[in-house]
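Visitor: Got a predicted structure here, sequence first:
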Amino acid sequence: MADDQQLWGYPEVAAHLGISVSAARNRKSRGTLPAPDDTTVPDRPRWRPATFQGWKPVGRGFRSDLHGESAPPASPTASGQGAS
């Protein structure tokens, strides 16, 4: 079967993301996985491998919401190094 026709279930998705199958199921139920490409079988969603190319899991890596470009640098007084 060609790679573009192959579909991944929870075990393959979990292995790709380096998490357990139950964690993959939890992420799906929380909506933190991409939408499945095939939902024809109830409770057995399937994804194409290409769906995960370029996709970054929520909660992993750099927190851009905490370190935006508009965030001002920390001042010495804010860090407790100011006048005593």
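Guide: Okay, I see it. Computed from a predicted structure; not experimentally measured.

Visitor: list the helices and strands the longest helix along the chain packs on?
Guide: When the chain is parsed with DSSP state H, its longest helix is helix 21-30. Counting contacts by 3 or more C-beta pairs under 8 Å, 6 or more residues apart in numbering; DSSP states H and E, helix 21-30 packs against helix 10-17. Heads up, the C-betas are built off the backbone N, CA and C, glycines and all.

Visitor: any idea of the angle the helix it packs on forms with helix 21-30?
Guide: Counting by axes from the mean of the first three to the mean of the last three C-alpha atoms, to 10 degrees, helix 10-17 lies at 100 degrees to helix 21-30.

Visitor: Would you mind pulling the contact partners of helix 10-17?
Guide: Residues outside helix 10-17 that contact it (C-beta atoms under 8 Å, 6 or more residues apart in numbering): 8, 20-21, 23-25, 28, 33, 45, 47, 49, 52, 57.

Visitor: Could you tell me the phi and psi values at Asp38?
Guide: The phi and psi values for Asp38, taken as degrees, to the nearest 10, are phi -140, psi 120.

Visitor: This completes my enquiry, with thanks.
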